[in-house]
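J.: Just need the structure, nothing else, for what follows:
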Amino acid sequence: MEDKIRYPEIDFFIRNIIKGETGHLKKMEEYARLRHIPIVQAETAALLKVLVNIHRPQRILEAGTAIGYSSGIMAKAMSENGMIDTIEIDEETALLARDNIRELGLQDKIKVIVGDALEIMQCLYSSYDMIFLDAAKGQYNEYFAEAFRLLRPGGLLVSDNVLYKGLVAQSGPVLHKHRTITMKLREYLVELCRSDQLETAVIPIGDGLAVSVKKGEKNE
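T.: Numbering: from 1, shown residues only. The predicted model follows:
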């Protein structure tokens, strides 16, 4: 969670100038920090809120719930009728996420689905206005086909951790323990950026964020 891919002074400046969370979201940040649970970093959370406010999605799919922090961030930025389906593979973590979502008063807006993200996505048939990938980084290539299928024309695909500690952009050799994930993320970014059906920007904030728009009109 604390690995940096930019200059530390820029991270420090941004994290101190943006408006921080309050209430239970702040408590969730502290819980995650003390237990080394990865949640989206402050600047990534700020961008997610902006994207939701601009795009105004009615339905969001999230792969990788963790403790429910990012789904809480997005749900608070959505319209009153907005809904989020979020997938978490670990049952105990899903229970904790549900407790946190209840504390945030968002239980009617966020549905936590327990299971493997790829398997769950393969069973879904409803369309989504926005999909946030924040699950197993080594499986992003497998998620992509299902995410693209489920995403409405004009919808946003937001992929977190795509620069993976900066290793994805590193020109030299990568340590063996990180090599497979690094190579798969490079392949994933190539697929996003070279697709004729997407417009993609890779943003070096947090651990790297890719924001893709599926070409076509929203009302198609």
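J.: Which stretches in this structure count as helices?
T.: 8-17, 23-35, 42-55, 69-77, 91-103, 117-122, 140-150, 176-194 (DSSP state H).
J.: now those in CSV, with mean neighbour count and mean pLDDT?
T.: All C-beta atoms are positioned from the backbone trio N, CA, C, and that covers glycine. CSV is the format used below for the helices of the chain (neighbours: other CB atoms under 10 Å; pLDDT from 0 to 100):
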stretch, mean neighbour count, mean pLDDT
helix 8-17, 11, 81
helix 23-35, 14, 95
helix 42-55, 18, 95
helix 69-77, 23, 97
helix 91-103, 17, 97
helix 117-122, 18, 96
helix 140-150, 18, 95
helix 176-194, 15, 87
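J.: Give the full set of residues in contact with Glu119.
T.: With contact set as CB atoms under 8 Å, 6 or more residues apart in numbering, Glu119 has no partners.
J.: Okay, it and Gln58: tell me how far apart.
T.: Computed as CB to CB, to the nearest Å, the Glu119 to Gln58 distance reads 25 Å.
J.: try Asp90
T.: The value you get for Asp90 to Gln58, if CB to CB is used, is 28 Å.
J.: Ok, Leu192 next?
T.: For Leu192, the distance to Gln58 - CB to CB - is 24 Å.
J.: With Lys214 instead?
T.: From Lys214 to Gln58 the distance is 16 Å (CB to CB).
J.: Between the two, which is the more surrounded one?
T.: Neighbour comparison, Lys214 and Gln58: the larger count goes to Lys214, with 20 against 13 (by other CB atoms under 10 Å).
J.: which residues does that one contact?
T.: By CB under 8 Å, 6+ apart, the contact list for Lys214 reads 148, 151-157, 197-198.
J.: In strands, which of those residues appear?
T.: 151-157, 198 (DSSP state E).
J.: are any of these buried, and which?
T.: By neighbour count, with 16 or more other CB atoms under 10 Å, those hold 151-152, 155-157, 198 as buried.
J.: Among those, which one lies nearest to Ser71?
T.: Leu156 (15.3 Å; CB to CB).
J.: For the spatially closest residue to the closest one that is not a sequence neighbour, list each beta-bridge partner.
T.: Of all residues beyond its chain neighbours, the one nearest Leu156 is Met130 (4.5 Å), with distances taken as CB to CB, 6 or more residues apart in numbering. With DSSP bridges as the criterion, Met130 is bridged to Ile60, Leu156.
J.: how near is Met130 to Ala147?
T.: 10 Å.
J.: Overlap in contacts, these two.
T.: If you check Met130 and Ala147 against CB under 8 Å, 6+ apart, the residues they both contact are 61, 157.
J.: Give me the pLDDT value at Gln197.
T.: Note on Gln197: pLDDT of 95.
J.: If you tally nearby residues, what's the number for the closest residue in space to it that isn't next to it in sequence?
T.: Spatial nearest neighbour of Gln197, excluding adjacent residues (CB to CB, 6+ apart): Lys215 at 5.4 Å. By other CB under 10 Å, 12 other residues sit near Lys215.
J.: ok, Lys215 - contacts?
T.: 153, 196-199.
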